[in-house]
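Novice: Pasted the sequence and its predicted model underneath.
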Amino acid sequence: MTIRNGVCATGTGRFLASIILAMLSAGAGAAGTLAGTDIANTASVSYELDGNPVTQDSNTVTISVAEILDVTVVLVSPQQSVSPGDTAQALVFTVTNTGNGQESFTFSVDNALAGDDFDPIAANPNIYFDSDASGDFSAADTPYVPGSGDPDLAPDAAITLIVVNDIPTGLANGDRGTSALTAVAATGSGAPGTLFAGAGAGGVDAVAGASGATATATGEYLVSDVALVLNKVALVLDPFGGDQPVPGATIRYTITAEVTGTGTAVAVTVEDQIPANTSYVPGSLTLNAAGLSDAADGDAGVYEAAPTPLVRVTLGDLVAADGVQTIIFEVLID
Amino acid sequence: MNRALTLLAAVFSLSLAAPALAQEGKIELKSIVEKEVRVVNDAGEEVVQLVTADKVVPGDVVIYTVTYTNVADQAVDNVVITNPINDALSYVVDSAFAPGADVSFSVDGGASFDALDALTVERDGTAIAASVDDLTHIRWILREPLDPGAQGFARFRARLN
């Protein structure tokens, strides 16, 4: 037996050498097989002895799936334009349990980061759950309490957290301040592969994954003098080829919107009421020469007949580099 | 011999020394499962070792090895070794290996076997080529009768989903 095994081991060793070079480890995709799963394997052999069929099983080998501790933190909100002295400025983050076991996470904020111009001042409390799932900081959001309030996340589950800071006074236009949210697996963190024996979900071993069981994302505040400049001109086209505002004449309104200064004008919407004694010309609304449908649908524009007739164009987040946005629509004099 | 190889040899003899749980019979059949780990040896090179797969995490590659020995005093014919592939595992393509044996696969719980690229599964009423995730069993058929005292092995690799 010993000799035969020795022969077998040699052959195995050679085979090993050949596969080592070809081997590449691939990372797991989603959370994967749940921690605590046991995978049993029993081989079987069938053969004929003196013409009689025989079947036998091997021993059973079992592997148990350990808990891999992994987490991601992603900044959701864009750069926040602020003014010196502003309070309760929010940054929104998403934390996802990318491990394969139920895991609690603890959170902390670092405002003393290098590479920026100022340190935001942590509000108290400074981390909130997005309790109303609004995606922004609102009155219904409840504060995170470290230790007792650590959220327990199922594999692949995500949670939205809001970091709230005040902005110091005495800052110059263009100054940047950063604030980082860090999530750490409650079981433990460390270099990938660090073992936490018996500490995982359901008492299985836990192993720090590729993230080291901790992740950080950084948001940024920009002191900004961003301004939105709106301009509106009217051009009258009468039915006789002239420019007299008579009944039946068309008035073409051209509205321009332009952002100046540094920073981002967030969620810009332009709304203009249809003047009394005029009627909106259906289908006349355009943005930067592209037609917009009157219906409230996927495009940026809408015409609302009630309660007050108006046109509305959603321009979204604008910076100076976006240039002039031109909105045109027409009304008919009744 | 560097330390990595020494360790590998030690691990191997350890697994061989484990109590033989194989059922009584004319063929002694033994299954082991190992996994690949990467370590840096004394020379600073990254090498891969096989260690007992007592704990694994998603993405890990494990290697199942079935060793067979004819412990009878006569040859046995038509030796067929079958190993299930657990749902949580994905067979690593081209990893099945067994000297002197032909390999085939099943997608129907071991009822029928064929070459991997000949297997199909039904998706929404349409037969499509089977993927490694569809495999339920792997089978090796020895080409020759197994003489008394002769032994061999069959192995494959699989990745934990």
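Specialist: Ah, there it is.

Novice: Give the full set of residues in contact with the residue of the stretch 101-250 of chain A at minimum distance from chain B.
Specialist: Nearest residue of the stretch 101-250 of chain A to chain B (Cβ to the nearest Cβ) works out as A:Asp205 at 5.1 Å. All C-beta atoms are positioned from the backbone trio N, CA, C, and that covers glycine. A:Asp205 makes contact with A:66-67, A:195-199, B:55, according to Cβ atoms under 8 Å, 6 or more residues apart in numbering or on different chains.

Novice: cool, B:Val93 as well?
Specialist: Going by Cβ under 8 Å, 6+ apart, B:Val93 touches B:116, B:132.

Novice: Tell me which residue lies farthest from the centre of the chain.
Specialist: Looking at chain A here, since you left the chain open. A:Asp50 (68.3 Å; Cα atoms, centre = their mean).

Novice: oops, chain B please
Specialist: Ranking residues of chain B by C-alpha distance from their mean position (Cα atoms, centre = their mean) puts B:Gly125 at the top, at 32.4 Å.

Novice: can you pull the pLDDT of that residue?
Specialist: For B:Gly125, the model assigns a pLDDT of 89.

Novice: Now it. Its backbone dihedrals?
Specialist: Backbone torsions of B:Gly125, given as degrees, to the nearest 10, read phi 80, psi 0.

Novice: ok, now A:Asp152?
Specialist: Dihedral angles (degrees, to the nearest 10) for A:Asp152: phi -100, psi 120.

Novice: I figured it was touching A:Asn97, is that so?
Specialist: No. Using Cβ atoms under 8 Å, A:Asp152 makes no contact with A:Asn97, being 9.1 Å away.

Novice: so what sits against both of these two?
Specialist: Counting by Cβ under 8 Å, 6+ apart, the residues touching both A:Asp152 and A:Asn97 are A:Glu103.

Novice: So for the two, which residue has more residues nearby?
Specialist: A:Asn97 (26 against 13; other Cβ atoms under 10 Å in any protein chain shown).

Novice: Distance check, the one residue in chain A that gets nearest to chain B against A:Glu67.
Specialist: The minimum distance from chain A to chain B, using Cβ to the nearest Cβ, falls at A:Gly32 (2.7 Å). Distance of A:Gly32 to A:Glu67, computed by Cβ to Cβ, to the nearest Å: 11 Å.

Novice: tell me, what's touching the two both at once?
Specialist: A:100, B:57.

Novice: more crowded one of those two?
Specialist: Neighbours were counted for A:Gly32 and for A:Glu67 using other Cβ under 10 Å; A:Glu67 has more, 29 against 25.

Novice: just to revisit the earlier point, so for the residue of chain A closest to chain B, what's the nearest residue that isn't a sequence neighbour?
Specialist: The shortest distance from A:Gly32 to any non-neighbouring residue, by Cβ to Cβ, 6 or more residues apart in numbering or on different chains, is to B:Pro58 (2.7 Å).

Novice: who does the helix or strand hosting A:Leu228 pair up with?
Specialist: When elements are assigned from DSSP states H and E, A:Leu228 belongs to strand A:227-237. Strand A:227-237 pairs in its sheet with strand A:250-260 (antiparallel), by DSSP bridges.

Novice: And the strands in chain B?
Specialist: For chain B, strands defined by DSSP state E occupy the ranges B:27-40, B:46-52, B:55-56, B:61-70, B:77-84, B:89-91, B:101-106, B:120-123, B:126-129, B:137-142, B:151-160.

Novice: need those in TSV with mean neighbour count and distance to chain A, can you?
Specialist: Shown next, in TSV, are the strands of chain B (neighbours: other Cβ atoms under 10 Å in any protein chain shown; distance: least, Cβ to the nearest Cβ, whole Å):
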stretch	mean neighbour count	distance to chain A
strand B:27-40	19	4
strand B:46-52	17	5
strand B:55-56	22	4
strand B:61-70	24	4
strand B:77-84	20	4
strand B:89-91	22	7
strand B:101-106	19	11
strand B:120-123	12	20
strand B:126-129	10	21
strand B:137-142	23	8
strand B:151-160	23	5
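
Novice: nearest to A:Ile255, of those?
Specialist: Closest approach to A:Ile255 among the strands of chain B (Cβ to Cβ): strand B:120-123, 53.2 Å.

Novice: who's in contact with that closest one?
Specialist: By Cβ under 8 Å, 6+ apart, strand B:120-123 touches B:107, B:127-130, B:134.

Novice: circling back to that earlier point, which ones among the contacts of A:Asp205 map onto strands?
Specialist: Members of the contacts of A:Asp205 lying in strands (criterion: DSSP E): A:67, A:195-196, B:55.

Novice: from those, which is closest to A:Phe240?
Specialist: Distance to A:Phe240, by Cβ to Cβ, is smallest for A:Glu67 among the ones in strands among the contacts of A:Asp205, at 81.3 Å.

Novice: Spell out which parts of the stretch 101-250 of chain A neighbour chain B.
Specialist: A:204-205, A:207, A:209 (Cβ under 8 Å from any Cβ of the partner chain).

Novice: Please repeat the previous calculation with a cut-off of 10 Å.
Specialist: Counting by Cβ under 10 Å from any Cβ of the partner chain, the stretch 101-250 of chain A comes close to chain B at A:101, A:155, A:193, A:195, A:197, A:200, A:204-210.

Novice: about what we covered before: mind checking how far the residue of chain A closest to chain B is from A:Val74?
Specialist: 20 Å.

Novice: Ok, A:Tyr128 next?
Specialist: Taking Cβ to Cβ, one finds A:Tyr128 at 17 Å from A:Val74.

Novice: out of the two, which sits in the busier spot?
Specialist: Counting neighbours by other Cβ under 10 Å for A:Tyr128 and for A:Val74 shows that A:Tyr128 has the greater number, 21 against 13.

Novice: and the helix or strand hosting the more buried one, what does it pack onto?
Specialist: Here A:Tyr128 sits within strand A:121-129, counting by DSSP H and E. Contact partners of strand A:121-129 among helices and strands, from 3 or more Cβ pairs under 10 Å, 6 or more residues apart in numbering or on different chains; DSSP states H and E: strand A:89-97, strand A:103-110, strand A:158-166, strand A:176-185.

Novice: swap the cut-off to 7 Å and go again
Specialist: On a contact count with 3 or more Cβ pairs under 7 Å, 6 or more residues apart in numbering or on different chains; DSSP states H and E, strand A:121-129 meets strand A:103-110, strand A:158-166.

Novice: Adding mean pLDDT as columns, could you present those in a markdown table?
Specialist: Formatted as a markdown table, the helices and strands packed on strand A:121-129 follow (pLDDT from 0 to 100):
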| stretch | mean pLDDT |
| --- | --- |
| strand A:103-110 | 96 |
| strand A:158-166 | 97 |
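
Novice: Of those strands, which is nearest B:Leu89?
Specialist: Shortest distance between B:Leu89 and these, using Cβ to Cβ, is found for strand A:103-110: 23.6 Å.

Novice: Who are the contact partners of B:Val103?
Specialist: B:96, B:138, B:140 (Cβ atoms under 7 Å, 6 or more residues apart in numbering or on different chains).

Novice: burial count for the first one?
Specialist: The local packing of B:Ala96 (other Cβ under 10 Å) involves 21 other residues.

Novice: was I right about it contacting B:Ile138?
Specialist: Yes. In this structure, B:Ala96 is within contact of B:Ile138 by Cβ atoms under 7 Å, at 5.9 Å.
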